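*Asks:* A predicted structure for the sequence below; I have some questions about it.
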Amino acid sequence: MNKILLLSLNARYVHSNPALLYIRNYIASVCGDAVILERGINEKNSNILEYIIGVRPSVIAISVYIWNTVKVKQLIPELRRLLPGICIVLGGPDAGYNANEWLASQYAPDYIVAGAGEAGMLKLAQSGFSLKEKVIREKNPPFSSIQFPYNKSDMERLAGRFIYYESSRGCPYKCSYCLSSREDQRLEFRPVSMVCDELDFITSFNPELVKFVDRTFNSRKEHYRPVWEHIVKNCGSGNTTFHFEIYPGLLDEDDLDFLSHVRPGLFQFEIGIQSVHRSTLEAVHRVMDRRSYDIIERLINMGNIHIHLDIIAGLPFEDYGGFAGSFNRVMGLKPHHFQPGILKVLPGTEMMERSAEYGLEWSPDPPYAVRSTRWLANHELEVIKRVASLVEALYNSGRFAETCWCLSAYYGSSFSFFEALALHDTCEQWGRDWNSYAALVISLVNTCCHGMLPLVMDCLRWDWCCKGRLHRYPSALKSVHMKEARRTGYNYLMSKSVRGIITPDGVSFSKEELRRSIFFVPESREFSSRVMKGDLAIFLPDKRIIFFTAI
């Protein structure tokens with residue numbers, strides 16, 4: 001019997017790959033238990049090879065995606081050298097839809113399993129991995145009949161990682177940039193009762209995040225609503241968050257009422273808006289109507305569900321100004337997480353088939369990011385990439401909320417602010433620490449709008465007080481005013497203490513909490529009139545804010 005190793009190379013440690021587990025279970029009757037090995041793309045090749053050699057498999061099957069293709073190509077020659085005679089099988093979308101290119105390259109595997117994979121791997125295994133054809137295309141059985149991927153050992157091994165789960169495969173929509181739009185990606189559902197039982201098993205291990213990989217989870221109400229109700233009733237008391245990709249236009253008033261009562265932190269929704277321009281949406285077959293925006297606003301205003309919104313740069317009929325319009329419209333919704341992405345021209349999609357029509361130029365290497373289009377020049381896309389990095393660091397982190405809104409108002413729009421920041425310093429990567437980004441903002445203001453500096457410094461200090469872990473300001477934010485505020489505020493509050501407890505405005509805290517607090521006083525009238533409810537503010541260690549006037 002062949003000894004099979006199923007290998008996944010994940011983008012981050014917290015990620016996992018259920019595809020391997022599906023296949024392990026599906027071929028177990030023929031091959032016994034295959035060995036699962038999940039490593040990261042940033043791990044040294046020598047370490048990964050050491051693990052593989054330790055197993056000494058006769059067959060290694062690797063799941064190939066746009067994020068790990070380069071790593072796979074690095075490993076294949078070494079596997080051939082270190083394990084002579086090994087059979088290498090590739091699966092996953094970046095192998096299945098690129099089969100001819102892989103087989104013609106120096107990294108050619110012995111076999112490529114195209115499509116969902118379970119039936120193809122079983123056919124290979126039943127043949128003893130000795131089929132004549134190199135590309136295996138087998139129609140899978142109904143999704144409802146495929147065994148649940150996880151067992152107790154899997155869940156214990158994956159402690160601390162995201163748990164990926166699919167209650168359906170395929171998608172009802174046909175977005176031209178997405179592999180799920182293909183005709184061979186038919187929409188199939190697992191029975192609701194099965195989904196609920198499987199979720200009960202998963203949540204018994206209390207994972208931090210269960211991420212549904214359904215392309216449009218709420219495509220069928222008789223499926224999504226009972227699953228949501230089951231989660232609220234049976235899984236809502238733990239610490240697990242459930243992530244869903246949804247289309248908001250399918251939610252009705254009854255759904256919105258139900259969702260408004262969901263425990264905060266239980267659900268998070270990802271919504272792909274992609275563009276606000278009708279010509280672009282029609283070209284890529286994307287559905288997004290006015291009601292959808294109204295629903296998104298209502299979901300965000302509920303405040304109990306984390307909302308993640310996406311747009312894509314490089315789509316047909318959207319130029320630089322058009323993308324800026326999409327950016328501003330979506331940012332104006334004030335999502336909890338905003339991801340401006342770059343179009344990836346994926347093999348097997350309609351977007352690739354129509355690439356000449358759209359004038360698409362893209363990287364030949366994964367992730368096949370577009371470099372220019374008929375409507376967007378390369379240098380414009382490079383600016384957008386830097387803007388996206390800054391959005392992640394300043395907006396999505398939540399560490400610069402006040403600063404972002406302040407400077408967006410000054411520049412006239414959110415995109416104009418992030419664009420100015422991206423053009424001010426064209427480094428591809430900025431330092432990851434808070435001080436580096438604060439210094440970048442201060443440098444921009446000093447150069448372009450020096451009169452704004454007092455207000456911006458107030459915003460930066462406020463952001464630090466809201467999100468910083470220390471009760472002292474970093475060097476860039478220190479000033480005589482802050483030092484005096486601490487002295488004045490500390491003495492005033494201490495004078496109000498009774499038996500070691502301080503109770504201004506009915507909020508009680510101890511002297512020790514006071515010592516570990518940070519004091520704030522604004523330097524600009526604008527900030528004072530807009531935010532302050534007293535002359536000073538104190539941020540307690542638990543981030544409660546107390547406004548007061550020291551008299």
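*Replies:* The structure has been received and is ready for your questions.
*Asks:* Okay, residue 171 and residue 244: tell me how far apart.
*Replies:* Residue 171 sits 14 Å away from residue 244, going by C-beta to C-beta, to the nearest Å. To be clear about C-beta, it is placed using only N, CA and C from the backbone, and glycine gets the same treatment.
*Asks:* same thing with residue 31?
*Replies:* From residue 31 over to residue 244 (counting by C-beta to C-beta), the distance is 34 Å.
*Asks:* again with residue 165
*Replies:* Taken as C-beta to C-beta, the span from residue 165 to residue 244 is 10 Å.
*Asks:* what sits in contact with each of those two?
*Replies:* Here residue 165 and residue 244 share the contacting residues residue 212, scored by C-beta atoms under 8 Å, 6 or more residues apart in numbering.
*Asks:* For residue 212, what are phi and psi?
*Replies:* Here is the backbone geometry of residue 212 (degrees, to the nearest 10): phi -70, psi 130.
*Asks:* so what's the nearest residue to it once chain neighbours are set aside bridging to?
*Replies:* Of all residues not flanking residue 212 in the chain, residue 244 sits nearest, at 5.0 Å (C-beta to C-beta, 6 or more residues apart in numbering). Beta-bridge partners recorded for residue 244 (DSSP bridges): residue 269.
*Asks:* quick one, what contacts residue 244?
*Replies:* Residue 244 sits next to 212, 214, 217-218, 267-270 when contact means C-beta under 8 Å, 6+ apart.
*Asks:* Model confidence score at it, please.
*Replies:* Confidence at residue 244, expressed as pLDDT, is 98.
*Asks:* Point out where the protein drops to low pLDDT.
*Replies:* The model of the chain has pLDDT under 70 over residues 1, 426-432.
*Asks:* does the closest residue to residue 27 other than its chain neighbours belong to a helix or a strand, and which?
*Replies:* Nearest residue to residue 27 in three dimensions, chain neighbours excluded: residue 125, at 4.6 Å (C-beta to C-beta, 6+ apart). Element membership for residue 125, per DSSP states H and E: helix 118-126.
*Asks:* got the end-to-end distance for stretch 538-551?
*Replies:* End-to-end distance of stretch 538-551 (C-alpha to C-alpha, to the nearest Å): 15 Å.
*Asks:* what's in contact with that stretch?
*Replies:* For stretch 538-551, with C-beta under 8 Å, 6+ apart as the criterion, the contacting residues are 465-466, 471, 488-489, 491-493, 504-505, 507, 509, 513-514, 516-520, 532-537.
*Asks:* For residue 209, give the beta-bridge partners.
*Replies:* residue 241.
*Asks:* Does it touch residue 243 like I think?
*Replies:* Yes. Look at residue 209 against residue 243 with C-beta atoms under 8 Å: they come within range, at 6.2 Å.
*Asks:* Of the two, which one has the most company?
*Replies:* Higher neighbour count among residue 209 and residue 243: residue 243, with 19 against 15, using other C-beta atoms under 10 Å.
*Asks:* Could you give the number of residues near the residue nearest to the more buried one when sequence neighbours are not counted?
*Replies:* Leaving out its chain neighbours, the residue that sits closest to residue 243 by C-beta to C-beta, 6+ apart is residue 211, at 4.3 Å. Neighbourhood size, residue 211 [other C-beta under 10 Å]: 20.
*Asks:* Of the contacts of stretch 538-551, which belong to strands?
*Replies:* The strands, defined by DSSP state E, take in 509, 518-520, 536-537 from the contacts of stretch 538-551.
*Asks:* what are the ranges of the helices in the stretch 51-200 of the chain?
*Replies:* 69-82, 93-96, 99-103, 118-126, 152-157, 192-203 (DSSP state H, counting those that start in this stretch).
*Asks:* Need the winner for burial among these.
*Replies:* Across these, averaging neighbours per residue (mean count of other C-beta atoms under 10 Å) puts helix 93-96 on top, at a mean of 24.
*Asks:* name the helices or strands packed onto that one?
*Replies:* strand 111-114 (3 or more C-beta pairs under 8 Å, 6 or more residues apart in numbering; DSSP states H and E).
*Asks:* which other residues reach the strand it packs on?
*Replies:* Defining contact as C-beta under 8 Å, 6+ apart, one finds that strand 111-114 is touched by 61, 87-91, 95-97, 99, 102-103, 120-121, 124, 129, 131, 134-137.
*Asks:* List the buried residues of it.
*Replies:* Across strand 111-114, burial judged by 16 or more other C-beta atoms under 10 Å covers 111-114.
*Asks:* One more: stretch 461-478?
*Replies:* Going by 16+ other C-beta under 10 Å, stretch 461-478 has these buried residues: 461-466, 468, 471, 473-474, 476-477.
*Asks:* What of stretch 539-551?
*Replies:* For stretch 539-551, burial by neighbour count (16+ other C-beta under 10 Å) applies to 539-540, 546, 548.
*Asks:* Just the residues you listed: which are in strands?
*Replies:* Counting by DSSP E, the part of the buried residues of stretch 539-551 found in strands is 539, 546, 548.
*Asks:* Tell me what the second one is bridged to.
*Replies:* Pointing back at residue 546 there. Beta bridges link residue 546 to residue 538 when assigned by DSSP bridges.
*Asks:* Residue 283 versus residue 271, what's the distance?
*Replies:* Distance of residue 271 to residue 283, computed by C-beta to C-beta: 20 Å.
*Asks:* actually residue 82, not the one I typed
*Replies:* As for residue 82, its distance to residue 283 is 48 Å (criterion: C-beta to C-beta).
*Asks:* try residue 340
*Replies:* Using C-beta to C-beta, residue 340 is found at 19 Å from residue 283.
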